[in-house]
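Undergrad: Have a look at this fold, sequence not included:
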């Protein structure tokens with residue numbers, strides 16, 4: 001008999017495509033976990049920046065701090081850590097592009113822009129998504145009108161420990177969970193059983209598994225060194241047995257209740273299957 005399904009990990013990524021950190025509990029909001037991916041770096045054209053084009057963003061580590069978080073560079077100790085508050089002030093705004101979405105955002109401070117420009121080695125700006133901004137989950141799969149932050153497309157990404165363990169048996173060198181940047185990690189059950197889930201609860205909060213998550217080149221980037229896997233990378237391996245809809249699927253894109261609180265150790269209960 002398999003172990004009961006349990007929430008074993010909660011992860012926040014306050015700035016899209018930078019480092020993340022684990023928390024023991026987190027509030028749920030209409031856009032995902034509170035403080036998750038509400039900040040974003042944009043380039044000279046105000047277009048979103050990610051590790052897809054700039055792998056060395058992985059070198060920018062994020063650690064929790066009082067009413068905000070600290071950014072530090074893993075390889076440049078001469079750059080003093082930068083404090084970023086959880087929320088920006090609406091002093092300056094600009095329009096930014098995330099995939100096909102054009103959104104207005106609040107700008108961070110000039111000091112933050114200077115710090116990131118030095119750390120990344122190219123001009124960039126730090127921007128924040130206000131609660132007044134509406135960015136919808138893809139309409140064809142979003143009858144509830146769910147919202148999303150600066151995350152790629154969905155407010156939550158769910159991944160099972162058993163799936164990662166199975167993938168690692170197929171790789172020459174195992175990779176950690178942070179290659180896949182989930183918000184919600186669960187233990188128990190069989191590898192990839194979440195492919196069949198539709199409605200489920202974590203604690204007493206309802207969630208919906210909308211679709212499998214198509215993985216990208218970020219899975220090949222070591223989140224400590226920013227180096228790409230030379231051989232046997234996870235993306236190529238996933239494509240040999242998890243290919244669907246022209247993507248290598250790993251984990252689930254998930255929508256949630258819009259409010260509530262999650263805690264590591266909460267029970268996960270399947271309510272319906274696809």
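TA: It's in. In this text the structure is predicted, and so the values were computed from the model without any measurement.
Undergrad: the helices in the stretch 151-274 of the chain, which residues?
TA: 161-169, 234-241 (DSSP state H, counting those that start in this stretch).
Undergrad: Compile those into CSV and extend it with columns for mean pLDDT.
TA: Converted to CSV, the helices of the stretch 151-274 of the chain look like this (pLDDT from 0 to 100):
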stretch, mean pLDDT
helix 161-169, 98
helix 234-241, 96
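Undergrad: Out of those helices, which is closest to residue 34?
TA: For those, proximity to residue 34 was assessed by C-beta to C-beta; helix 161-169 is nearest, at 24.0 Å. In this view, the C-beta of every residue, glycine as well, is placed from N, C-alpha and C.
Undergrad: Give me the phi and psi for the nearest residue to residue 59 once chain neighbours are set aside.
TA: Nearest residue to residue 59, sequence neighbours excluded (C-beta to C-beta, 6 or more residues apart in numbering): residue 74, at 4.6 Å. Per-residue torsions, residue 74: phi -60, psi -30 (degrees, to the nearest 10).
Undergrad: Next up, the contacts around residue 74.
TA: 59-61, 224-225 (C-beta atoms under 8 Å, 6 or more residues apart in numbering).
Undergrad: could I get the helices of the stretch 151-274 of the chain as TSV with distance to residue 261 and mean neighbour count?
TA: Below are the helices of the stretch 151-274 of the chain laid out as TSV (distance: least, C-beta to C-beta, whole Å; neighbours: other C-beta atoms under 10 Å):
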stretch	distance to residue 261	mean neighbour count
helix 161-169	22	16
helix 234-241	32	16
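Undergrad: Let's have the ones you listed in CSV, adding distance to residue 96.
TA: Shown next, in CSV, are the helices of the stretch 151-274 of the chain (distance: least, C-beta to C-beta, whole Å):
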stretch, distance to residue 96
helix 161-169, 33
helix 234-241, 27
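Undergrad: Looking at these, spot the one closest to residue 182.
TA: That would be helix 161-169 among the helices of the stretch 151-274 of the chain, by C-beta to C-beta, at 9.4 Å.
Undergrad: Not including adjacent chain positions, what is the nearest residue to residue 182?
TA: Here the residue nearest residue 182, using C-beta to C-beta, 6+ apart, is residue 159, at 4.0 Å.
Undergrad: measure that neighbour to residue 128 for me?
TA: Counting by C-beta to C-beta, to the nearest Å, the gap from residue 159 to residue 128 is 27 Å.
Undergrad: for residue 166, same thing?
TA: For residue 166 relative to residue 128 (C-beta to C-beta), the value is 38 Å.
Undergrad: swap in residue 163?
TA: Residue 163 is 33 Å from residue 128, by C-beta to C-beta.
Undergrad: C-terminal to the top helix by length along the chain, what's the next element?
TA: Assignment by DSSP state H gives helix 110-120 as the longest helix of the chain. Next helix or strand after helix 110-120 toward the C-terminus (DSSP states H and E): strand 125-128.
Undergrad: Just the mean pLDDT for that next one, thanks.
TA: Taken as a whole, strand 125-128 has an average pLDDT of 98.
Undergrad: again, but for stretch 246-258
TA: pLDDT averaged over stretch 246-258 gives 95.
Undergrad: Can you point out the buried residues in it?
TA: By 16 or more other C-beta atoms under 10 Å, the buried positions in stretch 246-258 come out as 247-257.
Undergrad: Please apply the same query to stretch 35-45.
TA: Under 16+ other C-beta under 10 Å, the buried positions of stretch 35-45 are 35-43.
Undergrad: Show the end-to-end separation of it, please.
TA: One end of stretch 35-45 sits 25 Å from the other (C-alpha to C-alpha, to the nearest Å).
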